[in-house]
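In: Can you look at this prediction? I've put the sequence above it.
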Amino acid sequence: MSNVILHGHSFKIKITASEINKAVADVARQINSNLKDKKPLFLAVLNGSFMFASDLMKKIKIDCEISFIKVASYEGTSSTGSMKELIGINEDIKGRTVVIIEDIVDTGSTIESVYKQLQELGASEISVATLLFKPDAYTKSVPIEYTAIVVPNDFLVGYGLDYDGLGRNLEDIYVLDYKIEENK
Ligand code: IMP
Ligand code: MG
């Protein structure tokens with residue numbers, strides 16, 4: 001299979017669409033079984049999770065709702081450091097079983113922040129479903145309940161993940177192969 005070029009870098013296939021599909025089906029199976037009768041509210045974190053969320057939801061067969069959120073990062077005061085504010089929550093979270101849908105958990109800083117804010121909003125049960133998980137980069141303690149694919153600490157693009165805005169539309173997942181242009 002041929003490489004793709006994004007911003008002057010060449011990426012090679014790492015995980016095929018068919019492997020992704022199998023892994024997503026496995027996560028869906030676990031959720032269908034674990035959250036039966038819980039009427040979960042899925043909250044997909046945009047932009048990266050859009051493709052995973054769509055494919056996952058087609059395989060969820062229990063009563064559920066889905067909504068989409070964003071995490072806006074901004075600099076707080078020197079004592080609060082960098083803040084990540086949840087935007088787009090219109091639902092009443094109190095007492096709900098919530099499943100956060102993420103494209104990738106890397107250091108875990110994003111997911112920890114989303115998790116804590118949902119706790120503050122009164123969710124009764126929160127779990128995380130991520131397409132990709134990098135355990136070697138993870139520094140937090142939020143439990144990652146559902147992982148489709150565990151990956152090493154490489155930079156990946158495709159299937160929702162971007163490299164500086166490009167590559168989200170690719171149906172497979174790619175890893176950096178080599179750099180073509182030195183001055184990009
Ligand atoms: P964290 O807060 O360090 O866990 O990083 C989470 C966010 O960083 C993800 O939602 C992605 O937007 C981005 N990210 C982390 N690793 C990658 C990668 O390998 N490719 C593309 N984006 C990534
Ligand atoms: Mg993301």
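Out: That came through fine. Ligands and ions are numbered 1, 2, ... in the order given.

In: Just the closest residue of this structure to ligand 2, please.
Out: Distances between the chain and ligand 2 by CB to the ion are smallest at residue 48, namely 3.4 Å. In short, each C-beta sits where N, CA and C put it, glycine included.

In: Enumerate every residue touching residue 60.
Out: Residues near residue 60 by CB atoms under 8 Å, 6 or more residues apart in numbering: 28, 31-32, 42.

In: Produce a ChimeraX select command limited to the buried residues of those residues.
Out: Filtering the contacts of residue 60 down to the buried ones (16 or more other CB atoms under 10 Å) takes a single ChimeraX command:
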select :28,31,42
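
In: Just send the contacts of residue 60 back as TSV, with distance to ligand 1 too.
Out: Listed next are the contacts of residue 60 as TSV, based on distance: CB to the nearest ligand atom, whole Å:
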residue	distance to ligand 1
28	21
31	20
32	25
42	16
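
In: So what does the residue of the chain closest to ligand 2 have for phi and psi?
Out: Taking degrees, to the nearest 10, you get phi -60, psi -30 for the backbone angles of residue 48.

In: in terms of contact, does it touch residue 160 like I think?
Out: Yes: using CB atoms under 8 Å, residue 48 is in contact with residue 160, at 4.8 Å.

In: Have a look at those two and say which one is more surrounded.
Out: residue 160 (26 against 21; other CB atoms under 10 Å).

In: And the more buried one, how close does it get to residue 148?
Out: 12 Å (CB to CB, to the nearest Å).

In: hang on, the earlier thing: identify the contacts common to residue 48 and residue 160.
Out: 103, 168.

In: wait, isn't residue 135 in contact with residue 107?
Out: No: between residue 135 and residue 107 there is no contact, the gap being 11.3 Å when judged by CB under 8 Å.

In: so what pLDDT did residue 2 get?
Out: pLDDT, residue 2: 85.

In: For this protein, what lies in contact range of ligand 2?
Out: 48, 103 (CB under 5 Å from the ion).

In: repeat that with 8 Å
Out: Within reach of ligand 2 by CB under 8 Å from the ion, the chain has these residues: 45-49, 71, 102-104, 110, 161.

In: pLDDT weak spots in this structure?
Out: The chain contains residues with pLDDT under 70 at 1, 76-81, 181-184.

In: Can you give the strand pairings for the longest strand belonging to it, parallel or anti for each?
Out: Among the segments of the chain that qualify as a strand by DSSP state E, the longest is strand 65-75. With DSSP bridges as the test, strand 65-75 is paired with strand 41-46 (parallel), strand 82-87 (antiparallel).
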